[in-house]
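A.B. asks: Following is a predicted model, sequence given first.
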Amino acid sequence: MSRNVKVSVQKVLKTFGTLAAADNIDLDILEGEFLTLLGASGCGKTTLMRMIAGFETVTSGKILIDGKDVTDLAPRQRNLGMVFQQYSLFPHMTIAENVSYGLRARRTNAAEITKRVAEMLDLVQLPHLAERKPPQLSGGQQQRVALARALAVRPSVLMLDEPLGALDQKLREQLQEELRRLHRETGSTFLFVTHDQEEALGLSDRIAVMKDGKIAQLASPDELYLRPANEYVADFIGKVTFIDGIYRAAAKHVTTGEGLAIPADLTLSDGPVRLVIRPENIHLTDDTEGASGKLVEIARQTGTTTYQVRLDGGQVVKSRHLGLSDAALRLGTSVRLRFDTCKLAYPLAA
Ligand code: ATP
């Protein structure tokens, strides 16, 4: 089923002096989708969001919301909800007053306000805190109130600018779940900004990976992971290792300068290529035929361990395993590696 376009960014340019913070961007955000702008600091994601919200003017180009040209409209005429990293609640107002703020500004009638505030506080599971004031709430609770306040006016689009940035890891994960649920239950269009790729992959229907004021790739999380459009995106999504070598389709492998043969099944012609290998596709093995190297780093994460191995040829690769690290493995231990068949590579100039 094709969905309506909610926000259409058309050839939008934003320059600050000689810098193009948004460089002729085209982007359609679909009705009801959770779209994330993802990129390193300074790539232009906040500038793009601020132009859609109306806090920043465009140098040229157009922005449409629900098919209507809003390029020259003030923020309050665009019916958007905003949530920022800083909770920005009004400290002297109660939670209920905070949530009703936008409705009162829109002169919604009192009965409707009472009903909507109760609905919103139920939605973020904080009905028992309605009469408290923001300083009496934890950071996570304040951010849920900020979400309730933004959603109360039934915005066309809810804009979230690094909303979980100030929270600790555990709370971030809780709030990520909460955001997914809010998105499902409200069916609203969410535009999310983050530099955290895990967060983007976990939350979004589609992700626009940005670099230097441009969209490097716009795709679903799976598509970005499986078919990154270029090396920049491949490197940004996950911790990949690039290995250069010569591809031979008949032999189904890539031979490296150090004589390593890595199994590969590529849609490229024979010749020099750069393989993109993910840590989950490199395994420690007992097979004495495996690529030989020495352990140079062991990093334990929750539920997984990542080993860094310096191959005999000098290149360092990462290998990720489920579970705890093997106690027999220490820095400097000689190990063997097995590579899964690699399906992703970019051609190199011969
Ligand atoms: P971060 O994650 O650090 O917020 P970002 O991807 O959101 O980064 P922007 O804040 O959009 O990036 O900035 C994009 C570029 O435009 C940066 O190089 C920034 O220095 C520049 N820039 C942003 N606002 C202004 C401004 N008002 N005047 C001049 N340059 C600006």
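C.D. replies: Now that the structure is in, tell me what you want to look at.
A.B. asks: Only C-alpha atoms from now on, for both contacts and neighbour counts.
C.D. replies: Fine.
A.B. asks: if I look at the residue of the chain positioned farthest from its centre, how far off is Lys294?
C.D. replies: Among the C-alpha atoms of the chain, the one farthest from their average position, using CA atoms, centre = their mean, is that of Thr288, at 39.9 Å. Using CA to CA, to the nearest Å, Thr288 is found at 14 Å from Lys294.
A.B. asks: and if you look at Leu147?
C.D. replies: 49 Å.
A.B. asks: Of these two, give the one with the bigger neighbour count.
C.D. replies: Remark: of Leu147 and Lys294, Leu147 carries more neighbours, 26 against 19, as counted by other CA atoms under 10 Å.
A.B. asks: From what I see, that one and Val83 are in contact.
C.D. replies: Yes: with contact defined as CA atoms under 8 Å, Leu147 and Val83 form a contacting pair (6.5 Å).
A.B. asks: low pLDDT regions in the stretch 101-250 of the chain?
C.D. replies: Within the stretch 101-250 of the chain, not a single segment meets pLDDT under 70.
A.B. asks: show me what contacts the residue nearest the centre of the chain?
C.D. replies: In the chain, the C-alpha nearest the mean C-alpha coordinate belongs to Ala200, at 2.1 Å (CA atoms, centre = their mean). Shown in contact with Ala200 (CA atoms under 8 Å, 6 or more residues apart in numbering): Thr36, Leu38, Thr194, Ile207, Pro221.
A.B. asks: from the residues you listed, which is closest to Gly238?
C.D. replies: Pro221 (11.3 Å; CA to CA).
A.B. asks: before we move on, what SS does the closest residue to the closest one other than its chain neighbours have?
C.D. replies: Distance criterion CA to CA, 6 or more residues apart in numbering; nearest residue to Pro221, sequence neighbours excluded, is Leu201 at 5.3 Å. Put simply, Leu201 is helix when judged by DSSP: H, G, I helix; E, B strand; the rest coil.
A.B. asks: Count residues in the vicinity of Leu201, would you?
C.D. replies: 19.
A.B. asks: Just the C-alpha atoms of the lengthiest helix in the chain, please, in PDB.
C.D. replies: Ordering each helix of the chain by length in residues (DSSP state H) puts helix 169-186 first. Coordinates of the C-alpha atoms in helix 169-186 are reproduced here as PDB (Å, rounded to 0.1, in the frame of the first residue of the first chain):
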ATOM      1  CA  GLN A 169      22.400   3.800  28.900                       C
ATOM      2  CA  LYS A 170      19.700   1.800  30.700                       C
ATOM      3  CA  LEU A 171      17.200   4.600  30.600                       C
ATOM      4  CA  ARG A 172      18.000   5.200  27.000                       C
ATOM      5  CA  GLU A 173      17.000   1.600  26.200                       C
ATOM      6  CA  GLN A 174      13.800   1.900  28.200                       C
ATOM      7  CA  LEU A 175      12.900   5.100  26.400                       C
ATOM      8  CA  GLN A 176      13.700   3.600  23.100                       C
ATOM      9  CA  GLU A 177      11.100   0.900  23.800                       C
ATOM     10  CA  GLU A 178       8.700   3.600  24.900                       C
ATOM     11  CA  LEU A 179       9.200   5.500  21.700                       C
ATOM     12  CA  ARG A 180       8.600   2.500  19.500                       C
ATOM     13  CA  ARG A 181       5.400   1.900  21.400                       C
ATOM     14  CA  LEU A 182       4.300   5.500  21.200                       C
ATOM     15  CA  HIS A 183       4.900   5.500  17.500                       C
ATOM     16  CA  ARG A 184       2.800   2.300  17.100                       C
ATOM     17  CA  GLU A 185       0.000   3.400  19.300                       C
ATOM     18  CA  THR A 186      -0.300   7.000  17.900                       C
END
